[in-house]
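[1] let me see the structure of the following:
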Amino acid sequence: MKTLLLCFLPAIFMIPGNKQVTSVTNPVISCNSSPAIFKEAVTLNFQDKQEPWKMRSIVFKSQEYCRAEMPKDFEFDVQFKVVSAKVYFSGANFRGVETGTITSNKLAPVKHLMDRCIPGSMVVFDDVKVMGPDKKVRTIPGLSLLLY
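    Sure, this is the predicted structure:
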């Protein structure tokens, strides 16, 4: 499951070649069913640590879900469920600003706009409403992404 919103997948593992891979026992090395053939999995970081507002367009377009997460230094383990958000698309491949709305953690309602995103597109998640463990709905700060 691919997720996106306030926390993005920090890395993705890709296995090169057209070989059959049967199991992965180590996050860095995967093995083929053929004897003595090993392949290294390549770890690719798609979001720059220095510029957290940037993301590769191909990675953004492959997202299916979003989630809200607390900062890493937050002391308690709490889960927030995305209730709704406005999503604005502009920049490359868009005429003006186009708007979409999501009403859950699924990005399907804005998938047609996501598919049009290319490097140079700007995506803004605004008016993000989440429900906490106490069942109260809160508005949290949104997120802006410049796709490259």
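[2] drop to CA atoms for contacts and neighbour counts, all remaining ones
    Fine.
[3] could you check stretch 51-61 and say which residues are buried?
    K54, M55, R56, S57, I58, V59, F60, K61 (16 or more other CA atoms under 10 Å).
[4] stretch 105-112 too?
    Neighbour-count burial for stretch 105-112 flags N105, K106, L107, A108, V110, K111 (criterion: 16+ other CA under 10 Å).
[5] now, the buried residues of stretch 51-61 that are in helices?
    Counted as lying in helices by DSSP state H, out of the buried residues of stretch 51-61, are S57, I58, V59, F60, K61.
[6] from these, which is closest to P141?
    Distance to P141 across these (CA to CA) is lowest for F60, with 19.4 Å.
[7] distance of the closest one relative to D134?
    Note on F60: its distance to D134, by CA to CA, to the nearest Å, is 31 Å.
[8] go on, G100?
    Distance, G100 to D134, by CA to CA: 28 Å.
[9] more neighbours: those two, which one.
    For G100 versus D134, neighbours defined as other CA atoms under 10 Å are more numerous around G100 (17 against 7).
[10] quick check: closest non-adjacent residue to the more buried one.
    V87 (5.1 Å; CA to CA, 6 or more residues apart in numbering).
[11] for that neighbour, give the beta-bridge partners.
    G100, F125 (DSSP bridges).
[12] got a list of what I58 touches?
    With contact set as CA atoms under 8 Å, 6 or more residues apart in numbering, I58 has these partners: I118.
[13] now do 6 Å
    By CA atoms under 6 Å, 6 or more residues apart in numbering, the contact set of I58 is empty.
[14] need the contact list for M114.
    K61.
[15] how much space separates it from E64?
    In terms of CA to CA, M114 sits 10 Å off from E64.
[16] hmm, back to that, isn't the residue nearest to G100 up against F125?
    Yes. Checked against CA atoms under 6 Å, the pair V87 and F125 is within contact range at 4.6 Å.
[17] look at the two and report which has more neighbours.
    V87 (23 against 20).
[18] just for this structure, where's the confidence low?
    1-50 (pLDDT under 70).
[19] what about the helices in it?
    57-61, 111-114.
[20] strands of the protein, start to end?
    Assigned by DSSP state E, the chain shows strands spanning 3-5, 12-14, 21-23, 29-32, 38-40, 42-44, 54-55, 65-67, 81-91, 98-102, 121-131, 137-140, 143-147.
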